[in-house]
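[1] Need coordinates for the below:
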Amino acid sequence: MALPRIAFLGIGLMGLPMARNILTAGYPLTVWNRTRAKAEPLAAEGAQITERADDAVRHADVVITMLENGAIVEAVLFGMGVAAALQKGALVIDMSSIKPREAQAHAAKLHALGCRHIDAPVSGGTLGAQAASLAIMAGGDQADCIAAEPLLKVLGKPLRVGPHGSGQLAKLANQMIVGITIGAVAEALQLAAAGGADPALVREAIRGGFAGSRILEVHGERMLARDFTARATAQVQLKDLNNALDAAAGFANYQLPITRQLRDLFASLCEHGGAGVDHSGLFLELERINQNADTVKLP
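    Numbering: from 1, shown residues only. I've put the predicted structure just below:
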């Protein structure tokens, strides 16, 4: 039985290794990216590259979008002719991180055109994308999630968490926990250093206790090494926190006080020159605050 034809829209830091894994698994793949040069490496690996997003999807059974935000997903799907070019019954898997209500609106519009939709954002960063070990949080009809599972397993570990928009809610929960824990680790290590303790040894001492976490392991190491090369940027983390606050406001104005404070810290980091650093670079914003500096000190 022939594998379904895949179109992949959005070849960035995450999209490139994800598309490579799809090719490695043997799927026929057509790709589009606003900046064609970013997609060019895939041509030598067997992908077809198109100049137009609508041309990429015309013969696709499954379309994957991996784009920057909800407005861009909306523009690509419905402003650039992609939705109109889809085959009847085609499945759109949006792996971008967007607002839950945007995912629900996109699903409704696609269903009206006779197409299917899953929101399936991911966690794991570029390392997870390369290793095909992404956590994939899917929202949509159960039958569509089951149909998408073989393809999604090429990229990581998919799990349906509920109806349309639920995948995005799961991603927001993930980003809240990640961001808040990054802030806690950064603040704790700086407090230790300010009091005269060796922050690297403090990190080592607490790794086996209840404070031990993936964030302490990976992001804590980046902070100590002052390696803030972007794997996931502060600007993207800020977008996700804003989306979480937007979602909460729709639930009878449900309050997220910790997330709001964290959002303000990431907003300040971005405003003071750190928008493009890794989200572990919140460490730099806390340094800036304690040193009363006008800008963050980039490595």
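[2] Pretty sure residue 178 is one of the things residue 244 touches, is it not?
    No. Using C-beta atoms under 8 Å as the test, residue 244 is too far from residue 178 to be in contact (11.4 Å). C-beta: built from backbone N, CA, C; applies to glycine.
[3] If you count surrounding residues, which of these two has more?
    residue 244 (25 against 21; other C-beta atoms under 10 Å).
[4] Enumerate every residue touching that one.
    Contacts for residue 244 (C-beta atoms under 8 Å, 6 or more residues apart in numbering) come out as 172, 175, 176, 256, 259.
[5] List the buried residues of the strand or helix carrying it.
    Using DSSP states H and E, residue 244 maps to helix 234-249. For helix 234-249, burial by neighbour count (16 or more other C-beta atoms under 10 Å) applies to 234-245, 247-248.
[6] Could you do stretch 38-46 as well?
    For stretch 38-46, the neighbour count (16+ other C-beta under 10 Å) marks 38, 39, 42 as buried.
[7] and if you look at stretch 158-170?
    By neighbour count with 16+ other C-beta under 10 Å, stretch 158-170 contains the buried residues 158, 160, 161, 164, 165, 166, 167, 168, 169, 170.
[8] Likewise for stretch 73-93?
    73-74, 76-78, 80-83, 85-86, 90-93.
[9] now swap in stretch 177-187 and tell me
    Result for stretch 177-187 [16+ other C-beta under 10 Å]: buried residues 178, 179, 180, 181, 182, 183, 185, 186.
[10] now stretch 45-65
    Residues of stretch 45-65 classed as buried by neighbour count (16+ other C-beta under 10 Å): 47, 49-50, 53-58, 60-65.
[11] Report the backbone C-alpha coordinates of it in CSV.
    Below are the C-alpha coordinates for stretch 45-65, written out as CSV (Å, rounded to 0.1, in the frame of the first residue of the first chain):
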residue,chain,number,x,y,z
GLU,A,45,17.2,14.5,-0.1
GLY,A,46,14.2,13.8,-2.4
ALA,A,47,11.7,16.5,-1.6
GLN,A,48,10.0,18.5,-4.2
ILE,A,49,10.0,22.3,-3.6
THR,A,50,7.4,24.6,-4.8
GLU,A,51,7.3,28.4,-5.1
ARG,A,52,3.7,28.7,-4.0
ALA,A,53,2.1,27.2,-0.9
ASP,A,54,-1.1,26.3,-2.8
ASP,A,55,0.9,24.4,-5.4
ALA,A,56,2.5,22.3,-2.6
VAL,A,57,-0.8,21.0,-1.4
ARG,A,58,-2.8,20.3,-4.6
HIS,A,59,-2.1,16.5,-4.7
ALA,A,60,-1.4,16.0,-0.9
ASP,A,61,-3.3,13.6,1.2
VAL,A,62,-1.9,15.2,4.4
VAL,A,63,-0.7,18.8,4.9
ILE,A,64,1.5,19.7,7.8
THR,A,65,1.9,23.3,8.8
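[12] related to what we said a few turns ago, format the buried residues of helix 234-249 as TSV; extra columns: distance to residue 106 and pLDDT.
    Listed next are these as TSV, based on distance: C-beta to C-beta, whole Å; pLDDT from 0 to 100:
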residue	distance to residue 106	pLDDT
234	27	97
235	23	96
236	20	93
237	23	96
238	22	97
239	17	95
240	18	95
241	22	97
242	19	96
243	15	96
244	19	96
245	21	96
247	15	95
248	21	95
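[13] just checking, residue 68 touches residue 96?
    Yes. When contacts are counted by C-beta under 8 Å, residue 68 is listed as touching residue 96 (7.2 Å).
[14] quick one, which of these two is more surrounded?
    Looking at residue 68 and residue 96 with other C-beta under 10 Å, you find the greater number of neighbours at residue 96, namely 26 against 16.
[15] Look up how far residue 167 lies from the more buried one.
    Noted for residue 96: a distance of 10 Å to residue 167, by C-beta to C-beta, to the nearest Å.
[16] With residue 222 instead?
    Applying C-beta to C-beta, the value for residue 222 to residue 167 is 27 Å.
[17] follow-up on the earlier one: so what's the gap between the helix holding residue 244 and the chain middle?
    Here the centre of helix 234-249 is set off from its chain's centre by 12 Å, with C-alpha atoms, centre = their mean, to the nearest Å.
[18] likewise stretch 52-67?
    19 Å.
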